[in-house]
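Novice: Below are the sequence and a predicted model; questions follow.
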Amino acid sequence: MDIVQKAESHVFHLFKDKLSPDYIYHNFNHTLRVVNNAAIIAKEEGLSDADTETILIAAWFHDTGYTEGPDNHEERGSRLAAEFLSAEGYPKDKTELVSDLIRATQLEREPVTLPEMIMKDADCSHFADPNYPELSELLREEWKRAQHYSFTDEEWALGNRKMLIQKHRFYTAYGKQKLQPLKEVNIAALQKLITTAEKEKLKVPKNKSDKKPDKFERPDRGIDTMLRVTLTNHTRLSEIADSKANILLSVNAIIISIVLTTIIPKLDAPSNAHLVMPTFILMAFTVASIIFAILSTRPKVTSGTFTREDIDRRKVNLLFFGNFYKMPLEEYEWAMNEMMKSRDYLYSSMIKDLYFLGLVLNRKYKLLRITYTIFMIGIITSVAAFIYAFRTL
């Protein structure tokens, strides 16, 4: 394994073991992009194998300093690279060159040598990436998580435009010829976002009467999230209850099958008369368990209809299929549009949906508790009866 491959393996494990999960941009994936672009640019610029090797090692280590925090991470990355290379017996002069190349990625530093220019362009090659908007959003979220910096969409777009136009440029011939045109495309996309945002500001209505009557204010995200999570939890609890009922049905069905095929055919023999009562007890409890398990999963049938008067009085919950499954599509569409016009009606329907789903869950789990109790008592009683029957022989 050559030194570049060893560097890759070392950095991979370093990120895996020590990098905070908050760093969703400055991680191994970003490092790999920089390494690949450094290799391409070095080849296009005609760099020697020896110089390419030092650039690739520097590219692997250039963001390892983030394992100890974002501030001055280039210096820490240089130190980590030097420690690794020293342990591998790498030449001291080449180790110092790797450290200098890592320091060259500092934002305010101007590259001097061609390897430094290649390193700088590779580190900023995402500015010319077709996926630049997505990569930019990853960096934005990382700053929010790791450094508690928050930006509005417009602030972030303006900051990115300033970075790409005023604070950055490509240095190598490859960067100027190949990467710069792609960067211009991303700048144009940013400018389009900014222009759209500025136009939207001008469209803000001067007074409330200018707003469209069919729209309602956007609800708070916290309320939406709370309702969504609660509904999901209720649904999962219902699925769990149905699963438990199915398990009980299957187990009891197996018990009945075994009893019917192996024990009951032998009960007519006088020598097996002592097994009649234990078998009867087992069958009785098993059948009772099946009945209650079925009751816990049996659906309740509703009318499936509503009137326009019900909608006007807000008496019907349109979020439950049992209240509309017999209605024509046109009536249901009209009713849903009426409900969505009223924020109070919409939230009231969602709350009712949760409430009645909770009542259904309460009934299911009560019946399941009874079923499990019957099953448990039945098994204990039946086993005891069989033991007693055999001991009295």
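Specialist: Yep, it's here. Keep in mind that what you see is a predicted model, and the values were worked out from it rather than measured.
Novice: Show me where the stretch 1-150 of the chain dips below the pLDDT cut-off.
Specialist: For the stretch 1-150 of the chain, the stretches with pLDDT under 70 are 1.
Novice: how about the helices in it?
Specialist: Assigned by DSSP state H, counting those that start in this stretch, the helices in the stretch 1-150 of the chain fall at 3-18, 28-44, 49-61, 73-87, 92-103, 114-123, 132-146.
Novice: got the buried residues for stretch 234-251?
Specialist: Within stretch 234-251, the residues that count as buried by 16 or more other CB atoms under 10 Å are 234, 237-238, 241, 244-245, 248-249, 251. Bear in mind the C-beta positions are built from the backbone N, C-alpha and C, glycine included.
Novice: Which of the residues you listed fall within helices?
Specialist: If you go by DSSP state H, the buried residues of stretch 234-251 have 234, 237-238, 241, 244-245, 248-249, 251 in helices.
Novice: Could you point out the member of these that lies closest to residue 349?
Specialist: Using CB to CB, residue 234 comes nearest to residue 349 of those, at 15.0 Å.
Novice: which ones are touching the closest one?
Specialist: 354, 357-358, 361 (CB atoms under 8 Å, 6 or more residues apart in numbering).
Novice: Secondary structure and pLDDT added to those, as CSV?
Specialist: Formatted as CSV, the contacts of residue 234 follow (DSSP: H, G, I helix; E, B strand; the rest coil; pLDDT from 0 to 100):
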residue, secondary structure, pLDDT
354, helix, 82
357, helix, 81
358, helix, 84
361, helix, 85
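Novice: Mark which of those residues are buried, thanks.
Specialist: Among those, those buried by neighbour count (16+ other CB under 10 Å) are 357, 361.
Novice: Let me know how buried the closest residue to residue 106 other than its chain neighbours is, in neighbour terms.
Specialist: Nearest in space to residue 106, with sequence neighbours left out and distances taken as CB to CB, 6 or more residues apart in numbering, is residue 74 at 5.2 Å. Neighbours of residue 74 under the rule other CB atoms under 10 Å: 20.
Novice: One more: residue 334?
Specialist: 14.
Novice: And it, how close does it get to residue 311?
Specialist: 8 Å (CB to CB, to the nearest Å).
Novice: Not counting its neighbours along the chain, what's nearest residue 35?
Specialist: Per CB to CB, 6+ apart, closest to residue 35 is residue 59, 4.4 Å.
Novice: Quick one: residues contacting the one you found.
Specialist: Taking CB under 8 Å, 6+ apart, we find residue 59 in contact with 31, 34-35, 38, 119, 122-123.
Novice: Looking at pLDDT only, which of the buried residues of stretch 234-251 scores worst?
Specialist: Here the lowest pLDDT out of these sits on residue 234, with 78.
Novice: Which pLDDT value goes with residue 216?
Specialist: Residue 216 is given a pLDDT of 45.
Novice: before we move on, back to that, export the ones in helices among the buried residues of stretch 234-251 to CSV and tack on distance to residue 278?
Specialist: Shown next, in CSV, are those (distance: CB to CB, whole Å):
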residue, distance to residue 278
234, 42
237, 37
238, 37
241, 31
244, 27
245, 26
248, 21
249, 23
251, 18
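Novice: Of the residues you listed, which is the nearest to residue 295?
Specialist: Using CB to CB, these come closest to residue 295 at residue 245, 9.0 Å.
Novice: Pretty sure the closest one sits against residue 291.
Specialist: No - with contact defined as CB atoms under 8 Å, residue 245 does not reach residue 291; the gap is 11.5 Å.
Novice: Distance of residue 14 relative to residue 63?
Specialist: According to CB to CB, residue 14 and residue 63 sit 10 Å apart.
Novice: what's the nearest residue to residue 382 if we skip its chain neighbours?
Specialist: In this structure, residue 382 finds its nearest non-sequential neighbour in residue 282, 3.9 Å apart by CB to CB, 6+ apart.
Novice: And that neighbour, how close does it get to residue 375?
Specialist: Residue 282 is 11 Å from residue 375, by CB to CB.
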